[in-house]
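S.K.: test case, fold it:
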Amino acid sequence: MFNTPIFLVVLSVFKIIKYPLWVLYRIWFYVLVTLPILIMFPLLFLSVLKQKWYPYFFRLARIWAKCILIGMGYYWTVKRPEPLIKGQSYVFVANHTSMTDIMLMLVTFKNHPFVFIGKKELVKIPIFGFFYKRTCILVDRSSPESRKAVFIRAQNRIKEGSSICIFPEGGVPEESVILDRFKAGAFRLAINHKVPLVPMTFFDNKKRLSYTFFSGSPGKMRVQVHPTISTEQLSIEDTTEFSKEVFTLISNSLEADLKA
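M.R.: The predicted structure is shown next:
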């Protein structure tokens, strides 16, 4: 059956058209990233004029994220073992595999505005970078001074009632890597400020839209929010062990899903 002329012709046609389709799908993603920002620009601009107005920006950012995910044909499910405490600040961490991680993180939490800690290079992205620079805590990973400044800015945002979101891998790993080694920053931050840490696993983002250009497809995006981990009894000496504990938790979740 699989060697019949008809099947071979269909297979050849599919190989020819799939690459243009992937290119169009990727272009459509960038259109969806930009279009809602242009439509909401006046409201977004007003919401970043004062830091205390960040919760309003967060609501608009969630609308932006939903427009992108729905427009790309994604549907998401979130499993939570427990509700988060209203008014409590948290440090959110998740595995980093896709350009859609930011959007999925935004739709996962509704009542807990959080601030991303991210690399400063994203400021260069037109339009998106304008708001990214004004709402996120930027870090230059090559600069020790920049990394120190992150902790001060994060502390100020936590005091204002915001949570913090960090992808502890520090970047997107190679396609063959399921989960890259964690950097200590997120865990040191949570311990220093005695803020509970919430680990999460994103199972499907790499399939939906990885950093490999000729890839991507509509479909499901599953989020597992793991039990909150208290840092009240932890000291800075526990950072490495704490990081390993969370790494193992997320790694085991990913491996178990691959075997399922």
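S.K.: in this structure, which spans are helices?
M.R.: If you assign secondary structure with DSSP state H, the helices in the chain sit at 5-39, 41-47, 54-71, 101-108, 128-135, 144-159, 185-192, 205-209, 239-259.
S.K.: so what secondary structure elements neighbour the third one?
M.R.: Spelled out, that is helix 54-71. Contacts defined by 3 or more C-beta pairs under 8 Å, 6 or more residues apart in numbering; DSSP states H and E place helix 54-71 against helix 5-39, helix 41-47, helix 101-108, helix 128-135. Using the backbone N, CA and C atoms, a C-beta is placed for each residue, glycine as well.
S.K.: helices or strands up against the shortest one?
M.R.: If I follow you right, that is helix 41-47. helix 54-71.
S.K.: tell me how far the helix it packs on lies from the chain's centre.
M.R.: For helix 54-71, the distance from its own C-alpha centre to the chain's C-alpha centre is 13 Å (C-alpha atoms, centre = their mean, to the nearest Å).
S.K.: go on, stretch 60-79?
M.R.: 12 Å.
S.K.: end-to-end on that stretch?
M.R.: End-to-end distance for stretch 60-79, by C-alpha to C-alpha, to the nearest Å: 24 Å.
S.K.: what do you get for stretch 214-233?
M.R.: For stretch 214-233, the first-to-last residue distance is 47 Å (C-alpha to C-alpha).
S.K.: start at 665, not 1
M.R.: Yep, numbering from 665; the last one is stretch 878-897 now.
S.K.: so which bits of that stretch are buried?
M.R.: Neighbour-count burial for stretch 878-897, counted by 16 or more other C-beta atoms under 10 Å, picks out S879, G880, M885, R886, V887, Q888, V889, H890, T892, I893, T895.
S.K.: can you check stretch 766-784 too?
M.R.: For stretch 766-784, the buried set under the neighbour-count rule, 16+ other C-beta under 10 Å, comprises 766-773, 776-782, 784.
S.K.: kindly report the same for stretch 789-802.
M.R.: Buried residues in stretch 789-802 (16+ other C-beta under 10 Å): F792, F794, F795, Y796, R798, T799, C800, I801, L802.
S.K.: and the residues you listed, which is closest to L708?
M.R.: Here the nearest of these to L708, counting by C-beta to C-beta, is F795; it sits at 6.0 Å.
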